[in-house]
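1. This is the structure alone, sequence omitted:
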């Protein structure tokens, strides 16, 4: 009966977080250390509520090459309907449809 009690105690102790022991390698209680949260990845472009590519995903040498099919569009900044600045390259990696018109 005594062996069963010791075995049950060992099982319960082993199921606790950290193996059931908060004693460090030096025999002292280990401090409660919370891991530092990962820093938020930096977003590319002006601050607004639109989708943003991560700055690390936008090539540093990205620049426009022309206006023909297959060319890279030149980067530009425009103002949206809420007055926020929006930059074309902040959508890097997304499909963009620009619908520009004028009423004369």
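-> Done, it's in. No experiment lies behind these values; they were computed from the predicted model shown. Residues are numbered from 1 along each chain as shown.
2. Where does pLDDT dip in the protein?
-> Residue ranges of the chain with pLDDT under 70: 1-31.
3. Can you report how many residues lie near the closest residue to residue 94 other than its chain neighbours?
-> Using C-beta to C-beta, 6 or more residues apart in numbering and skipping the chain neighbours, the partner closest in space to residue 94 is residue 51 (6.6 Å). (C-beta placed from N, C-alpha, C; glycine too.) Around residue 51 there are 11 other residues, counting by other C-beta atoms under 10 Å.
4. One more: residue 34?
-> 5.
5. quick one: it is in a helix?
-> No - judged by DSSP: H, G, I helix; E, B strand; the rest coil, residue 34 forms no part of a helix; its state is coil.
6. how far away is it from residue 53?
-> 31 Å (C-beta to C-beta, to the nearest Å).
7. Grab the most central residue of the protein for me.
-> Central residue of the chain (C-alpha atoms, centre = their mean): residue 41, 5.0 Å from the mean position.
8. partner residues bridging the nearest residue to that residue once chain neighbours are set aside?
-> The shortest distance from residue 41 to any non-neighbouring residue, by C-beta to C-beta, 6+ apart, is to residue 54 (4.9 Å). Under DSSP bridges, the beta-bridge partners of residue 54 are residue 43.
9. what sits against residue 54?
-> 41-44 (C-beta atoms under 8 Å, 6 or more residues apart in numbering).
10. can you pull out the helices in this protein?
-> 2-14 (DSSP state H).
11. hey, where'd the strands end up in it?
-> Ranges of strands within the chain are 77-79, 85-87, based on DSSP state E.
12. Determine which of these approaches residue 104 most closely.
-> Closest to residue 104 of the strands of the chain, according to C-beta to C-beta: strand 77-79, at 20.6 Å.
13. Strand partners (parallel or antiparallel) of the closest one?
-> Short version: by DSSP bridges, strand 77-79 pairs with strand 85-87 (antiparallel).
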